[in-house]
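[1] pasting the structure only:
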């Protein structure tokens, strides 16, 4: 399944609790996508999230249903390793 990196920009600092994460997972399940993990910026106003999804549109639909921004959605094709090797995702 394709992988996507999503940048989300929040007007206020983000504070996700267990209930909020569960709501996100429900929207994701309905769209057939899987949230792998997220990085939170130091100011807590941006996240960078890694997803497996059938399409960028599915990512955007799930974000909208969960009330989350999806400011940038990028399909990933490979990974650069510390030794310089390029591997497929």
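    Noted; the coordinates are in hand. These numbers come from a predicted model, not from an experiment.
[2] Show me the strands in this structure, by range?
    Assigned by DSSP state E, the strands in the chain fall at 3-9, 34-40, 46-52, 72-76, 78-80, 86-88.
[3] Adding mean pLDDT and distance to residue 25, write those strands out as CSV.
    (Each C-beta comes from the backbone N, C-alpha and C, glycine too.) Shown next, in CSV, are the strands of the chain (pLDDT from 0 to 100; distance: least, CB to CB, whole Å):
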stretch, mean pLDDT, distance to residue 25
strand 3-9, 97, 15
strand 34-40, 93, 7
strand 46-52, 96, 12
strand 72-76, 97, 18
strand 78-80, 92, 25
strand 86-88, 92, 27
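[4] Can you tell me how far the residue nearest the centre of the chain is from residue 42?
    Nearest to the mean C-alpha position of the chain, by CA atoms, centre = their mean, lies residue 49 at 3.1 Å. Residue 49 sits 16 Å away from residue 42, going by CB to CB, to the nearest Å.
[5] okay, the strands of the chain in CSV with distance to residue 23 next?
    Formatted as CSV, the strands of the chain follow (distance: least, CB to CB, whole Å):
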stretch, distance to residue 23
strand 3-9, 15
strand 34-40, 12
strand 46-52, 15
strand 72-76, 20
strand 78-80, 30
strand 86-88, 33
